[in-house]
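S.K.: take a look and give me a structure for this.
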Amino acid sequence: MSLLGDAFVIIKKDWKLLAILNALYLCVIVIGATIALISPGLQYSMIEFTGSETISGPSGAPIPASLGEAMVATASYFLRSFVVNTLALITIPSIVLPFWAPIIGAARFFIWGVTYVSPLEGVLSMEKLMPEYVAMLLEGEAYIIAIFASVRQLVIALESASISMKWALKRYTETVAETLRLLAITAILLAIASLYQAIVMPVLTAL
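M.R.: All right, here's what the predicted structure looks like:
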């Protein structure tokens, strides 16, 4: 079976866990957005803290003038989102500390909720936010799948530990290998998100 085929089999098997994580992080975003509505000053402070009005970076990114510029921008977004935000901040730490992924995920989605969901007078209009929601959907689901992969490691290890530590270690090693398969879906979603952020979003925000 192909790499993607294996990944979809894993998701089909544990779809309930993935659904729970999606619902959980949606709630975290909604909580963050509600806090932003109640306290616009906090939202403004978060924008200043992150140095960005969008999850892609500062608003007003220029429309790529050539295919080469578009590819460079796409590659830059992909490297940041996959190598830094996924591998360095979620996957690799979670191999050693499996509980790390849901914690860092909750922090990221809370920041998104506070900063990038609600309109802010003079800074973020609904017209600017609408394209942002698509980027958040694509990039957010990619991160949730990476978190899902790491949480599976923890769940399976805990279940196997009731049998024996040797068996738990064996199953944990197997789930780490399965995590690498699931990252193929994460990479595809982030590649689509990167193309959207590099090419489509500048056009939409310029309208």
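S.K.: how about the helices in this protein?
M.R.: 3-13, 15-38, 40-50, 67-78, 92-96, 100-116, 126-161, 165-195, 201-206 (DSSP state H).
S.K.: which positions within the longest one qualify as buried?
M.R.: So that's helix 126-161. Buried residues in helix 126-161, counted by 16 or more other Cβ atoms under 10 Å: 128-129, 131-132, 135-136, 138-154, 156-157, 160. Every C-beta, even on glycine, is put in place using the N, C-alpha and C of the backbone.
S.K.: what about Ala106, distance to Lys170?
M.R.: 30 Å (Cβ to Cβ, to the nearest Å).
S.K.: show me which of these two is the more surrounded one.
M.R.: Ala106 (15 against 12; other Cβ atoms under 10 Å).
S.K.: test my guess that the more buried one contacts Tyr25.
M.R.: Yes. With contact defined as Cβ atoms under 8 Å, Ala106 reaches Tyr25; the gap is 7.2 Å.
S.K.: just for this structure, where's the confidence low?
M.R.: 1, 53-54, 56-62, 65, 161-163, 168, 206-207 (pLDDT under 70).
S.K.: mind doing that once more with 90?
M.R.: Applying pLDDT under 90 to the chain flags the ranges 1-6, 44, 46-70, 73, 95-99, 116, 118-132, 153-178, 180, 198-207.
S.K.: tell me the centre residue of it?
M.R.: Tyr143 (2.9 Å; Cα atoms, centre = their mean).
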